[in-house]
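S.K.: 3D, please:
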Amino acid sequence: MKRYIFLFSILKRHRATRHLSGNLAQRIVKLLIFLLILVCVNSLALVVFDGMAVGDAFWLSSTTVTTVGYGDLSPSSWQARAVTVVCMYLLAITVLSLLIAETVDWRVFVAEKKRKGQWEWKSMPEHIQIINTPNEDAERYLVRLVKQIQITPELAGLPVQVLTRKYPDGLPESLTRLHVLHRSGIAEDADVLKNIGLDSAKYVIILARDANSPASDSSTFDILCRIRESNESAIIIAESVSDENKARFVRYGANVVMRPVRAYPEMIVRFLAHPGTEAVLENLFEYNQDFLSRIEYSFENIYWKDIVARSVAGGAGTPLAYINAQGVQTNPDPSSLCSGSAVISMVSEKQAVDADLLSKCLKV
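M.R.: Numbers count the residues shown, from 1 in each chain. Got it, this is the predicted structure:
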């Protein structure tokens, strides 16, 4: 055992002089093959010169090369002993030490590459690819985004990979705990984009590089076109700073286009899982489109399904919630009996909805 430790220390000093970026995997395979050849040669010598059974010969060679040395078997002829000295003591033990050292190097090398986002995943299953990160408070934003992805039934279980140059020394601990994969680089680099497994991505989220700069849309458009060249089936959600570019993004392959909303990353997940809902929600923020209106009207003991049906039929909008002493009751059960002081409905610009109109609808 002392001999093994001594050899390992020598090999550690030797490895420190080499460049670590060489093909460690190939060296490990070559060393393993060479080690197996030495064990087989020694076992063959034991069979030929000492008349050992094949199993015993292989057992003796294995215990010798690993320096275990149980002592239950040993070579008896001078020829077998000579082969054992050369193959096992001089060569195989050294090769095994090299193999262990190279394997440790390989594991450290791979772990460091993955941590810094430089590892190229050869086989990436269906996954969610996030491209770019917000300029400010990126960690908090990504944590909330990934957590929402992981609890959404349509998206849960899919690996999440982030392409960004924001974390060259590795993702923050809060993201690694969520098992987020990391790729360091920019999507405008064709080589980087080609090596992140986009061809097998099921969902792609393209965040605006700068949520306040319309110039970010040019970068988003370039990335969108590159993605569609390699993956025609992925569902892509792209942020557009300028409303004028929304139609253009859709024309070139985006399934969902939305304004950057940094305060609510959960919205991206909802839109990703249910494309089309972004148009409904964004219209609510424009007063010349559909909007939410609070209608002050007290009512008692009316089924929610009747409130909705009568309001829609009477042109009083589409009720989404009502307010009572406990607060806002959103999307109640249709069969629930409701009493409240106001109704929140989605109405259009053309509808003039007030308490009188709602009263007429509900008293029918």
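
S.K.: what comes into contact with stretch 140-151?
M.R.: 128, 130, 133-134, 155-156, 158, 160, 162, 174-175, 178, 180, 262, 265-266, 268-269 (C-beta atoms under 8 Å, 6 or more residues apart in numbering). The C-beta positions use only the backbone N, C-alpha and C, and glycine is treated the same way.

S.K.: Weed out the non-buried ones from these.
M.R.: Among the contacts of stretch 140-151, the ones that count as buried by 16 or more other C-beta atoms under 10 Å are 128, 130, 133-134, 155, 158, 160, 162, 175, 178, 180, 262, 265-266, 268-269.

S.K.: Can you tell me which helices and strands the longest helix along the chain packs against?
M.R.: Under DSSP state H, the helix in the chain containing the largest number of residues is helix 24-50. In terms of contacts (3 or more C-beta pairs under 8 Å, 6 or more residues apart in numbering; DSSP states H and E), helix 24-50 is packed against helix 54-65, helix 78-84, helix 93-115.

S.K.: just to revisit the earlier point, among the buried ones among the contacts of stretch 140-151, name the ones in helices.
M.R.: Per DSSP H, those map to helices at 175, 266, 268, 269.

S.K.: what are the ranges of the strands in the protein?
M.R.: 127-131, 160-164, 181-184, 201-206, 235-239, 256-258, 291-303, 318-324, 327-330, 337-347 (DSSP state E).

S.K.: Go through the last one and flag the buried ones.
M.R.: Looking back up the chat, that one is strand 337-347. 338, 340, 342, 343, 344, 345, 346, 347.

S.K.: want to throw those into JSON lines with pLDDT and distance to residue 110?
M.R.: Output for the buried residues of strand 337-347, formatted as JSON lines (pLDDT from 0 to 100; distance: C-beta to C-beta, whole Å):
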{"residue": "338", "pLDDT": "94", "distance to residue 110": "59"}
{"residue": "340", "pLDDT": "94", "distance to residue 110": "60"}
{"residue": "342", "pLDDT": "95", "distance to residue 110": "60"}
{"residue": "343", "pLDDT": "95", "distance to residue 110": "59"}
{"residue": "344", "pLDDT": "94", "distance to residue 110": "54"}
{"residue": "345", "pLDDT": "91", "distance to residue 110": "57"}
{"residue": "346", "pLDDT": "89", "distance to residue 110": "53"}
{"residue": "347", "pLDDT": "88", "distance to residue 110": "58"}
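
S.K.: Now flag whichever of those is closest to residue 59.
M.R.: Nearest to residue 59 among the buried residues of strand 337-347 is residue 346, at 78.9 Å by C-beta to C-beta.

S.K.: The closest one reaches residue 321, doesn't it?
M.R.: No - taking contacts as C-beta atoms under 8 Å, residue 346 lies outside contact range of residue 321: 10.1 Å.

S.K.: what's the closest non-adjacent residue to residue 161?
M.R.: Excluding its sequence neighbours, the residue lying closest to residue 161 (C-beta to C-beta, 6 or more residues apart in numbering) is residue 181, at 4.0 Å.
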